[in-house]
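J.: Provide a 3D model corresponding to the input given below.
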Amino acid sequence: MYYNKVDMEAFELLLPLALILLLSKLMGLGAHKCGMPAVIGMLLAGILVGLIRYIPWEPLQTAFSGEEVHYVIEVMSKIGVVLIMFSTGLGTDLKKLRSTGAASVAITACGVVVPMGMGTLVAFIFLPGAGILSWLFYGAILTATSVSVTVAVLKELGKLDSREGTAIVAAAVIDDVLGIVILSVLSGFSSGGSQGAGWDWFHPNAALVTIKIVIFFIVAISLGICLRKIFNYMERKAPHNRRVPIISLAACFLYAYCAEKFFGVADITGAYLAGILLGGTLAETPYVESKVDTMGYLFFSPIFFASIGMNLDFEGITPAFLAFGCVYVVAALLGKLLGCGAGAKLCKFTNHESFRVGLGMMVRAEVVLICTERGVAAGLVDPALFPFVFLIILLSSVITPILLKWSHQKETSNLSRA
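T.: Numbering: from 1, shown residues only. The predicted structure is shown next:
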């Protein structure tokens, strides 16, 4: 899309970008100092930038609320979310997946099924006209997890290498993979034209979508094996050369484009899979990951999170949706706590250990935002859900550190009395 220079000069983008980056950094640091993820600060920065359009001064309103400005920020935020998922894939340790054993698999399975079931049930009860695909997507959003806060707390307590600490980190890896697969399937059915209250599992479109998703993973993994060989050769010939991260980014964008364009799979799934295939065992993975993180978190990722804050839709929250949102937040917190805790208990963890595993897996961050954004883009999720997702991130990030420390202190005091 091209814009007439009379409507918008290129330099006019610089003011909103400068303010987004500045506020995102300052508020991200503030959130980090309060023991919360920097994502919360970036979201708050976006909300503040979004409020500028209500200042009664036309030049300022034009600079921050013009359609052209919003379009460019939307494009940059798309690059940001693709880079986040690519970086997440690069950091996924496939060796850990193979060595975690039954405990992490059971924790992840329960931690996906229970919150997804609770989220779907809440949507079914409060949003009866949404349709089965929307209900499932509301449930799928709650499968996401982020253990960065948990890892920081466990490391501070010296419990990261404990039984439950190891299980949490390993289960989070599997959780990410399962969550992205579920998101891909539901997004694929949405693009296949099978959504709505009358959606039929046996509709011809559903079969076609399923076949396309399977073909995508087969083609992507096969191509990824070839890419790994090429990258291994490049690493031997020129280690720590900038061509490696540059070609890695090209592969990321190509995977993301082809996933959405030709297979109806979410572009973020393509980026995530590219990261998994190019990460793990490659010697250059830390080097590539550092370059991607530098580019992403320095510029594009703050724009993505801020754009969500800028577009929070409070006007769409009716009393009925407010009731749904509050119950949905409770389902998000209890779903992971009960599901992952039950999975740990099935694997003979103690009550204290099971509670801490469920608590550790309860934290949400960027992935839940990405899943919600994908649902909104597909027309399956109401944009008014964003404030409640923000609340999920905030509450889980505050509650988890407090209760984890309390649980360990209580156990220590019980042992000392014994």
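J.: quick one: which helix or strand includes the residue lying closest to Leu404 once chain neighbours are set aside?
T.: Nearest residue to Leu404, sequence neighbours excluded (CB to CB, 6 or more residues apart in numbering): Val153, at 5.0 Å. All C-beta spots, glycine's among them, are computed from the backbone N, C-alpha and C. Taking DSSP states H and E as the definition, Val153 sits inside helix 148-157.
J.: packing partners for that helix?
T.: For helix 148-157, the packing partners by 3 or more CB pairs under 8 Å, 6 or more residues apart in numbering; DSSP states H and E come out as helix 163-191, helix 351-360, helix 386-417.
J.: May I have that helix as PDB, with CA atoms only?
T.: Provided in PDB are the C-alpha atoms of helix 148-157 (Å, rounded to 0.1, in the frame of the first residue of the first chain):
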ATOM      1  CA  SER A 148      10.700 -16.600  32.500                       C
ATOM      2  CA  VAL A 149       9.400 -15.200  35.800                       C
ATOM      3  CA  THR A 150       9.400 -18.700  37.400                       C
ATOM      4  CA  VAL A 151      12.900 -19.400  36.300                       C
ATOM      5  CA  ALA A 152      14.200 -16.100  37.800                       C
ATOM      6  CA  VAL A 153      12.500 -16.900  41.100                       C
ATOM      7  CA  LEU A 154      13.700 -20.500  41.300                       C
ATOM      8  CA  LYS A 155      17.200 -19.300  40.400                       C
ATOM      9  CA  GLU A 156      17.100 -16.700  43.200                       C
ATOM     10  CA  LEU A 157      16.000 -19.400  45.700                       C
END
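J.: Pull the residues that contact that helix.
T.: 35-37, 160, 162, 165, 168-169, 359-361, 363, 365, 397, 400-401, 404-405, 408 (CB atoms under 8 Å, 6 or more residues apart in numbering).
J.: so how far is Arg228 from Lys25?
T.: As judged by CB to CB, to the nearest Å, Lys25 and Arg228 stand 36 Å apart.
J.: for Glu67, same thing?
T.: Using CB to CB, one obtains 43 Å as the distance from Glu67 to Arg228.
J.: do Ile174 as well
T.: Distance, Ile174 to Arg228, using CB to CB: 21 Å.
J.: So for the two, which residue has more residues nearby?
T.: Using other CB atoms under 10 Å, the more surrounded residue of Ile174 and Arg228 is Ile174, with 20 against 16.
J.: was I right about that one contacting Ala102?
T.: No. Proximity of Ile174 to Ala102 does not meet the contact threshold set by CB atoms under 8 Å, at 11.6 Å.
J.: and Leu127, how many neighbours?
T.: Residues near Leu127, counting by other CB under 10 Å, number 17.
J.: By neighbour count, sort out the buried ones in the contacts of helix 148-157.
T.: Burial by neighbour count, 16 or more other CB atoms under 10 Å: within the contacts of helix 148-157 this picks out 36-37, 160, 165, 168-169, 359-361, 363, 365, 397, 400-401, 404, 408.
J.: Of those, which is the nearest to Cys258?
T.: Ala365 (27.6 Å; CB to CB).
J.: Next, the contact list for that closest one, please.
T.: Counting by CB under 8 Å, 6+ apart, Ala365 makes contact with Pro37, Val39, Ser146, Ser148, Val149, Ile393, Ser397.
J.: which of those has the most neighbours?
T.: Result: Val39 is most packed of the contacts of Ala365 (other CB under 10 Å), 27 neighbours.
J.: Next one: it, what pLDDT does it get?
T.: Here, the pLDDT recorded for Val39 equals 79.
J.: can you list the weak-confidence ranges in the stretch 201-350 of the chain?
T.: Within the stretch 201-350 of the chain, the segments meeting pLDDT under 70 span 201-206, 280-284.
J.: That one: helices as residue ranges?
T.: 204-237, 243-263, 267-278, 285-295, 301-310, 319-346 (DSSP state H, counting those that start in this stretch).
J.: Tabulate these (CSV), appending distance to Val376.
T.: Converted to CSV, the helices of the stretch 201-350 of the chain look like this (distance: least, CB to CB, whole Å):
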stretch, distance to Val376
helix 204-237, 20
helix 243-263, 16
helix 267-278, 13
helix 285-295, 25
helix 301-310, 10
helix 319-346, 14
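J.: quick one: the helices in the stretch 51-200 of the chain?
T.: Going by DSSP H, counting those that start in this stretch, the stretch 51-200 of the chain shows helices at 58-65, 67-90, 94-99, 102-126, 132-141, 148-157, 163-191.
J.: looking at those, which is buried most?
T.: The highest mean neighbour count among the helices of the stretch 51-200 of the chain, using mean count of other CB atoms under 10 Å, belongs to helix 132-141: a mean of 25.
J.: what sits up against it?
T.: 115-124, 127, 130, 179, 182-183, 186, 189-190, 194-197, 199, 328, 368, 371-372, 375, 378, 380-381, 385, 389.
J.: how does it look with 6 Å?
T.: 116, 119-120, 123-124, 182-183, 186, 195, 199, 371-372, 375, 380-381 (CB atoms under 6 Å, 6 or more residues apart in numbering).
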